[in-house]
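K.L.:
here's a sequence, model it:
(one chain, ligands or ions: 1)
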Amino acid sequence: MTMPSIYTKVAEPLKDFVVAEEAHEQNETNIHSAVRDILYEIGEDPQRQGLLKTPDRVARMFDELTVGYRTDPIKLINGALFDVEYNDLVLVKDIEFYSLCEHHMLPFYGRAHVAYIPDGKVIGLSKIPRIVEMFARRLQVQERMTSEIAHLLEEVLQPQGVAVVVEGSHMCSMMRGVKKAEATMTTRTLLGKFHDDRELRSELFAHIAKDSGN
Ligand SMILES: [Zn+2]
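P.N.:
Coordinates of the predicted model:
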């Protein structure tokens, strides 16, 4: 299986998914000095006790929150594709995600719903949330994240259709006093049958609306 390079922006191999849990301090990086600069520029004293370790915490945080750049989708999927004679709707609902908007580097977060109609091939269920996570843990705009999830699944499964619906709340709007109504957003990418078949689409949206958490 070959994958276009957009999915892995860094050619380096790959930490596994749950990195950066380790509590060790990192070696001094440019992020450390950049954070110190920001602290200074906003009028803080980077040397005061509460802030001394902040550059290190922020560096480790960014390592974790952007691990999607260093995740290889092929390794992530790890052979969990199966030939199955099932050609009806597969829907994984309410996948929690946390991402960072690329305009402000502030969080946006919410739920993703991922559906597909197989064409003889299915993917292990646990892989779908991990695919969502891989794209969420980058600097993103919600529209692009939605589309990237859908197109990766289309590529690996070659299904009859893929649909991805993402509901996100954006801290950059919520915290900055923009009207609250503008702070949440729904995006969707509909491919194949989900694009062409209106009835299927309404069925999908009904499934998504049913018992949706909250
Ligand atoms: Zn933003």
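K.L.:
next, count neighbours for residue 199.
P.N.:
Around residue 199 there are 7 other residues, counting by other CB atoms under 10 Å. C-beta coordinates here come from the backbone N, C-alpha and C atoms, glycine included.
K.L.:
so it, which state does it fall into?
P.N.:
Residue 199 falls in the helix class when you classify it by DSSP: H, G, I helix; E, B strand; the rest coil.
K.L.:
one more: residue 119?
P.N.:
Assigned with three-state DSSP, residue 119 falls in the coil class.
K.L.:
what pLDDT does it get?
P.N.:
We have a pLDDT of 96 for residue 119.
K.L.:
over to residue 15?
P.N.:
For residue 15, the model assigns a pLDDT of 45.
K.L.:
those helices in this structure, which residues are they?
P.N.:
Secondary structure of the chain (DSSP state H): helices at 30-41, 49-52, 54-65, 73-77, 127-136, 142-157, 171-174, 193-196, 198-209.
K.L.:
what packs against the fourth one?
P.N.:
Counting contacts by 3 or more CB pairs under 8 Å, 6 or more residues apart in numbering; DSSP states H and E, helix 73-77 is packed against helix 127-136, helix 142-157.
K.L.:
put the alpha carbons of that helix into PDB.
P.N.:
Extracted in PDB, the C-alpha atoms of helix 73-77 (Å, rounded to 0.1, in the frame of the first residue of the first chain):
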ATOM      1  CA  PRO A  73      -0.900   6.000   8.800                       C
ATOM      2  CA  ILE A  74       0.300   2.700   7.400                       C
ATOM      3  CA  LYS A  75       1.900   1.800  10.600                       C
ATOM      4  CA  LEU A  76      -1.100   3.100  12.500                       C
ATOM      5  CA  ILE A  77      -3.500   0.900  10.400                       C
END
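K.L.:
and stretch 142-151, does that touch the ion?
P.N.:
No: Stretch 142-151 lies apart from the ion when judged by CB under 5 Å from the ion; the minimum separation is 9.7 Å.
K.L.:
so which residues on this protein come close to the ion?
P.N.:
By CB under 5 Å from the ion, the residues of the chain that approach the ion are 101, 103, 104, 172.
K.L.:
quick check: which of the helices of the chain is buried the most?
P.N.:
Neighbour counts (mean count of other CB atoms under 10 Å) averaged over each of the helices of the chain peak at helix 127-136, with a mean of 22.
K.L.:
looking at the residues of the chain next to the ion, which is nearest residue 137?
P.N.:
Closest approach to residue 137 among those (CB to CB): residue 101, at 13.0 Å.
K.L.:
now the closest one: how far from residue 149?
P.N.:
As for residue 101, its distance to residue 149 is 17 Å (criterion: CB to CB, to the nearest Å).
K.L.:
just residue 98 next, same as before
P.N.:
In terms of CB to CB, residue 98 sits 15 Å off from residue 149.
K.L.:
give me the low-pLDDT residue ranges for the protein?
P.N.:
Residue ranges of the chain with pLDDT under 70: 1-26, 178-182, 212-214.
K.L.:
how is it partitioned into domains?
P.N.:
If you go by automatic domain parsing, the domain ranges for the chain are 30-69, 80-209.
K.L.:
quick revisit: among the residues of the chain next to the ion, which one has the most neighbours?
P.N.:
Among these, the one with the most neighbours (other CB under 10 Å) is residue 101, at 18 neighbours.
K.L.:
follow-up on the earlier one: mind listing which of the residues of the chain next to the ion are in strands?
P.N.:
residue 101 (DSSP state E).
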